[in-house]
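A.B. asks: Got a predicted model here, sequence first, then my questions.
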Amino acid sequence: MLGQWMFLEGRRLGVPALVMSPLLVLTILLSPFGLLVFPVLRAARMPKSRPGETSPDRFHDAALS
């Protein structure tokens, strides 16, 4: 399930397959290390918002929770 979430989140953020593939393999083989790398990659790929501005993704993510 963790790999599926990472895959779908990577697709949503537009992370290239050449980056996600090794990361998913790392996650399957050594889950804690892959899980530590993905949030860093995700933070780097997420659009920056201005103070006081909310992005539509925050509402989308909150609706899924």
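C.D. replies: Looks like it came in fine. Numbering: from 1, shown residues only.

A.B. asks: can you tell me the helix or strand for the closest residue to residue 6 other than its chain neighbours?
C.D. replies: Of all residues not flanking residue 6 in the chain, residue 38 sits nearest, at 5.3 Å (CB to CB, 6 or more residues apart in numbering). C-beta: built from backbone N, CA, C; applies to glycine. Under the criterion DSSP states H and E, the helix or strand holding residue 38 is helix 31-45.

A.B. asks: Likewise for residue 48?
C.D. replies: Element membership of residue 48, judged by DSSP H and E, is empty: it is in no helix or strand.

A.B. asks: list the helices and strands the helix holding residue 38 packs on?
C.D. replies: Using 3 or more CB pairs under 8 Å, 6 or more residues apart in numbering; DSSP states H and E as the contact criterion, the elements in contact with helix 31-45 are helix 2-13, helix 17-29.

A.B. asks: Mind checking the ones you listed for the one nearest to residue 44?
C.D. replies: Taking CB to CB as the measure, those were each checked against residue 44, and helix 2-13 came out nearest at 9.3 Å.

A.B. asks: Much appreciated, bye for now.
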